[in-house]
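> Take a look and give me a structure for this.
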Amino acid sequence: RAHAAVRGTAVALPLGAVDWNPDSDGSVGLNVCRTIQHTAETIAWSPTGGGFHQPARFGVLTGLTPSAKAAAAAGTSTRLAPGGALLRNHEPFFPLGLYTVPVAAFADVRKVGFNTVIAYEGYYNPYGQPFDQEKLRAYLDRARDEGLQVMVSLCRNYYAEWGKLGAEPNLANIRGMIELARPHPATLGYYIADEPNGEAFRAAVEKVHAAVKTQDPSRVTALVLCSMDELSRFRQASDILGVDPYPVPTQPLTLVADWMDAAVAVAGRGGKPVWAVLQAFGGQEGWFREPTPAEARCMAYLALTHGAKGLFWFTYKPVYGPLWDELGKLNREVAALAPLLLADGPWGAGRILGTPAVHYWSREFADRFLILAVNESSQPCSAVFAVSDKAETVEEIFEKRTLPLQQGVFIDAFSPLGTHAYTVRKRLP
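Numbering: from 1, shown residues only. Down below sits the predicted model:
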């Protein structure tokens, strides 16, 4: 803010992230410094008389006791940036999530790079009965210990006659769950509806959303739809929209792209984010087999190239083997790309001219372009990318290879259902 000729800058420091010796007196050295290059002016909260890196001349911040650190850590908050990125404690957070994860699998889930879980089991009782506080608390505690975030589900068994007209949320149970989850650092947000439909359910879901915002306004809500006809109806019923296309084995993998496009169009490209819930199961409810690793990879990149701000996988239980290994590889890739995927600003997407089987997503930064691309076809192909005459070098990020570039154009080959991620460095003036 400004007052006359004096300008001030407010800086928020998340104390939960500050590390100190819990056996100390609760004091840490602190300084806040600034250099104004064009005037060669230096400013410091505690002047050092020279360079900034002189801890002996720092000021002192007191009162950082173990209880104060615990209280600060419990102050976890989530909100949405203007461009739709999820901010956790003011930092961009790309959720890489898995459904129906039992506590016993938390370590395995974290080991392969998931950072978020949604659980239907473990802390639910039949409709109308009080929820089990100890089960929910134990679930959140164990998630915290394993470094996982939890979207606390408020939708399973807390609606009467789920899926039918006249559904009404059990608000007493829901408010109790929110009150328990609210101060917990593992609580990322609240999952308030799974595949709802119809006007009666919209009204019920909006009551749950309102309950969250009354009790825990510093957390986000999310719901997931399985019918694109319901997108407009539920657009305002939560902070985040999700879609769960499960195409394998009876529908084309491009169902993911189609549903993402529909959701992004309703949610708005720069506002409400869309999360993709993808298929990692088979052999149940008419889905006769699980996706192959290549199909899972293709679905993930189709979701990313069509605007997903979070990736979740639905499975009835963690399934170890080649698909599990591929999910871990995808998690590592998306985590590496997350800062660029969540950056604010416009992005472009579409299909490559002349090779419509290849979908792409691109974003321009000051010094580079990021391009993601995926081949929807079961046949190999090549694609021509026309980037910019400002382009200088092209690298496939995860394959660690460079590509020839001529007048801002490069060509690359795609295996069946193959994916690529490129960083294109600009020629700086």
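
> which ones are touching residue 412?
By C-beta atoms under 8 Å, 6 or more residues apart in numbering, the residues touching residue 412 are 373, 382-383, 385, 396, 403, 420, 422. Placement of C-beta: from N, CA and C, glycine included.

> Now do residue 106 against residue 138, distance only.
According to C-beta to C-beta, to the nearest Å, residue 106 and residue 138 sit 11 Å apart.

> which one of these two has more residues nearby?
residue 106 (20 against 14; other C-beta atoms under 10 Å).

> I'd guess that one is in a helix, am I close?
Yes. Assigned with DSSP: H, G, I helix; E, B strand; the rest coil, residue 106 falls within a helix.

> Show me what the closest residue to residue 153 other than its chain neighbours is bridged to.
Leaving aside its sequence neighbours, residue 153 sits nearest to residue 191 (C-beta to C-beta, 6 or more residues apart in numbering; 4.4 Å). Counting by DSSP bridges, residue 191 is bridged to residue 153, residue 222.

> low-scoring stretches of the chain, by residue?
1-26, 38, 63-75, 120-130, 156-169, 269-270 (pLDDT under 70).

> And for it, the residue most distant from the center?
Within the chain, the residue lying farthest from the chain centre (C-alpha atoms, centre = their mean) is residue 49, at 43.8 Å.

> So what's the gap between the helix or strand residue 360 falls within and the chain middle?
When elements are assigned from DSSP states H and E, residue 360 belongs to strand 355-364. When C-alpha coordinates are averaged (C-alpha atoms, centre = their mean, to the nearest Å), strand 355-364 and its chain have centres 21 Å apart.

> Parallel or antiparallel, which strands does whichever helix or strand comes after it pair with?
Using DSSP H and E, the next helix or strand after strand 355-364 towards the C-terminus is strand 368-375. Strand 368-375 sits in its sheet next to strand 355-364 (antiparallel), strand 419-426 (antiparallel), going by DSSP bridges.

> who's in contact with strand 368-375?
Contacts of strand 368-375 (C-beta under 8 Å, 6+ apart): 298, 301-302, 304-305, 337, 340-341, 352, 357-363, 381, 383, 385, 387-388, 391, 412, 414-426.

> Selection in PyMOL covering whichever of those are buried, please.
Only the buried entries of the contacts of strand 368-375 go into this PyMOL selection, using 16 or more other C-beta atoms under 10 Å:
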select buried, resi 298+301+302+304+305+337+341+352+357+358+359+360+361+362+363+381+383+385+387+391+412+414+417+418+419+420+421+422+423+424+426
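
> Residue 357 contacts residue 381, correct?
Yes. Using C-beta atoms under 8 Å, residue 357 is in contact with residue 381, at 5.8 Å.

> Chain neighbours aside, what residue packs nearest to residue 223?
Nearest non-adjacent residue to residue 223 (C-beta to C-beta, 6+ apart): residue 193, at 3.9 Å.

> which SS class is the one you found?
strand.

> Contacts only, for it.
So residue 193 contacts 155, 201, 205, 208, 223-224, 234, 237-238 (C-beta under 8 Å, 6+ apart).

> which of those residues lies closest to residue 274?
If you rank those by distance to residue 274 using C-beta to C-beta, residue 224 comes first, at 10.2 Å.

> who's the nearest residue to that closest one once chain neighbours are set aside bridged to?
Counting by C-beta to C-beta, 6+ apart, residue 224 lies nearest to residue 242, which is 3.7 Å off, once chain neighbours are set aside. Beta-bridge partners recorded for residue 242 (DSSP bridges): residue 224, residue 275.

> Quick check, residue 242 in contact with residue 273.
No. With contact defined as C-beta under 8 Å, residue 242 does not count as touching residue 273 (9.2 Å).

> Pull up the overlap in contacts between those two.
In contact with both residue 242 and residue 273: residue 310, using C-beta under 8 Å, 6+ apart.

> So for these two, which residue has more residues nearby?
Set residue 242 next to residue 273 and count neighbours by other C-beta under 10 Å: residue 273 wins out with 27 against 24.

> quick one, phi/psi of the more buried one?
Backbone torsions of residue 273, given as degrees, to the nearest 10, read phi -80, psi 160.

> which SS class is residue 260?
helix.

> Apart from its chain neighbours, what residue comes closest to it?
That would be residue 306: by C-beta to C-beta, 6+ apart, it lies 3.7 Å from residue 260.

> burial measure for the one you found, as a count.
24.

> out of the strands paired with strand 368-375, which comes closest to residue 322?
Taking those one by one with C-beta to C-beta, strand 419-426 is closest: 16.5 Å.

> so how far is that closest one from its chain's centroid?
22 Å.

> What of stretch 422-429?
On C-alpha atoms, centre = their mean, the centre of stretch 422-429 falls 27 Å from that of its chain.

> Now do the contacts for residue 354.
383-384.

> The stretch 1-150 of the chain: helices as residue ranges?
Here the stretch 1-150 of the chain has its helices, by DSSP state H, counting those that start in this stretch, at 66-73, 106-111, 133-145.

> If you count neighbours, what's buried in the shortest one?
Judged by neighbour count using 16+ other C-beta under 10 Å, the buried positions of helix 106-111 are 106, 109-110.
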